[in-house]
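[1] Predicted model follows, preceded by the sequence.
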Amino acid sequence: MKSSTALRALFATAAVSFALVSPARAAAPVKTIESGHLTYGVAATFAPFEFTENGTLTGFDIDLINAVAKQMQLAPAPQNMQFSGLIPALQGGRIDIINSAMYITPARSGQVDFVPYMRLGDRIIVQASNPAKITGRDDSICGKNIAVTLGGIEETYARADVQRCVAAGKPAPNVMTLPTAQNSVLSLNQGRADAIYNSTPGTVKLLAEVPNTYLAVGPEFEQTTTIGFAVPKGSAGMAAALKDALAKVVADGTYKQLIDKWKLPQSVSIFNN
């Protein structure tokens with residue numbers, strides 16, 4: 001009887017020991033294109049989310065992915081490219097994810113899967129003197145030159161305004177698609193564009209950096225649009241790993257700290273804490 005009891009105790013001890021030393025069997029590391037690294041695509045032209053400063057990538061998204069990758073026990077490996085090349089790079093297997101403040105739209109959701117992490121609105125920016133007399137995203141836009149980033153959500157908004165103006169019997173705005181957000185700002189500064197569409201946080205940063213140069217007109221629009229990490233279509237493992245790591249970054253307070261660091265309004269958070 002004693003030997004039987006001792007044997008059961010030995011098996012129980014072994015089972016506990018096995019559970020303690022082998023948790024990795026329950027949650028295997030996510031597969032990446034380069035072992036030990038999380039290779040992400042970014043178009044670093046969208047301050048304050050991703051931009052370069054003294055040759056170094058910086059911004060909210062850069063800090064966020066660094067924290068997320070740490071939770072995944074992976075080293076972040078950025079690949080900087082034009083925004084229009086991000087989805088093709090992901091679909092071509094050259095990057096693991098897209099981390100570039102990518103707005104989640106039905107069209108994009110048909111190409112990639114998303115892990116949302118923030119909501120953003122947009123504003124219309126004009127020169128401080130506002131020579132075109134634009135008052136917001138209204139009929140004053142019709143017939144004007146609007147500069148947007150090629151492939152960005154703002155291009156979608158501008159194309160919708162073309163249809164709206166034409167349907168109302170008014171002249172269509174001329175949508176100028178440019179490679180980067182900086183190119184759009186430059187075109188406005190030079191007078192080639194009458195207005196640009198920009199994210200609300202990006203607008204706040206621009207107006208603070210160059211005061212008395214630009215003006216935000218009209219109310220914020222599309223305030224409930226979300227942005228997220230993009231993963232290849234059907235990549236449930238990567239999406240789950242990102243969600244888990246992101247939840248930990250939110251829970252430990254890092255997410256809120258980054259919102260504060262980059263002076264974003266608390267309304268951008270899609271999490272409750």
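    Everything's here; your move.

[2] May I ask which helix or strand encompasses A147?
    Applying DSSP states H and E as the criterion places A147 in strand 145-149.

[3] strand partners of that strand, parallel vs antiparallel please.
    strand 174-178 (parallel), strand 195-199 (parallel) (DSSP bridges).

[4] after that strand, next one along is what?
    The C-terminal neighbour of strand 145-149 among helices and strands, as given by DSSP H and E, is helix 153-167.

[5] Show me what that following helix is in contact with.
    With C-beta atoms under 8 Å, 6 or more residues apart in numbering as the test, helix 153-167 has contacts from 103, 105, 107, 122, 137, 139, 141-143, 146, 148-149, 171-173, 175, 177, 196-198, 221-222, 225. Glycine gets a C-beta too; all of them are placed from N, C-alpha and C.

[6] Which strand in the chain has the most residues?
    Ranked by residue count, the top strand of the chain under DSSP state E comes out as strand 214-232.

[7] For it, what is the distance to the chain centroid?
    10 Å (C-alpha atoms, centre = their mean, to the nearest Å).

[8] export the strands paired with strand 145-149 to TSV and tack on distance to C165, mean pLDDT and mean neighbour count?
    Listed next are the strands paired with strand 145-149 as TSV, based on distance: least, C-beta to C-beta, whole Å; pLDDT from 0 to 100; neighbours: other C-beta atoms under 10 Å:
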stretch	distance to C165	mean pLDDT	mean neighbour count
strand 174-178	11	97	18
strand 195-199	13	94	29
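
[9] Would you format these as JSON lines with distance to V68 included?
    Listed next are these as JSON lines, based on distance: least, C-beta to C-beta, whole Å:
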{"stretch": "strand 174-178", "distance to V68": "30"}
{"stretch": "strand 195-199", "distance to V68": "21"}
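
[10] Excluding chain neighbours, give the residue nearest to A128 in space.
    Sequence neighbours aside, L215 is the residue nearest to A128 in space, at 5.0 Å (criterion: C-beta to C-beta, 6 or more residues apart in numbering).

[11] Which helix or which strand is home to the spatially most central residue of the chain?
    Central residue of the chain (C-alpha atoms, centre = their mean): A101, 1.6 Å from the mean position. Using DSSP H and E, the element containing A101 is strand 97-103.

[12] Show me what the mean pLDDT comes to for that strand.
    For strand 97-103, the mean per-residue pLDDT is 96.

[13] got a list of what the residue nearest to the centre of the chain touches?
    A101 sits next to 46, 49-50, 61, 118, 120, 199, 227 when contact means C-beta under 8 Å, 6+ apart.

[14] again, only using 10 Å
    42-43, 46, 48-50, 59-61, 83, 117-118, 120, 152-153, 199, 201-202, 227-228 (C-beta atoms under 10 Å, 6 or more residues apart in numbering).

[15] wait, doesn't the residue nearest to A128 sit right on K133?
    No: the pair L215 and K133 does not pass the contact test of C-beta atoms under 10 Å, sitting 11.7 Å apart.

[16] Please say which of these two ends up with more neighbours.
    The neighbour comparison of L215 against K133 (other C-beta atoms under 10 Å) goes to L215, with 17 against 10.

[17] Report how many residues lie close to L246.
    24.

[18] That one touches F271, doesn't it?
    Yes: using C-beta under 10 Å, L246 is in contact with F271, at 8.9 Å.

[19] shared neighbours of the two, anything?
    Residues touching both L246 and F271 (C-beta under 10 Å, 6+ apart) are 117, 255.

[20] tell me the contacts of Y40?
    Listed by C-beta under 10 Å, 6+ apart, the contact set of Y40 reads 61-62, 65, 68-69, 76-80, 86, 89-90, 95-100, 229-230.
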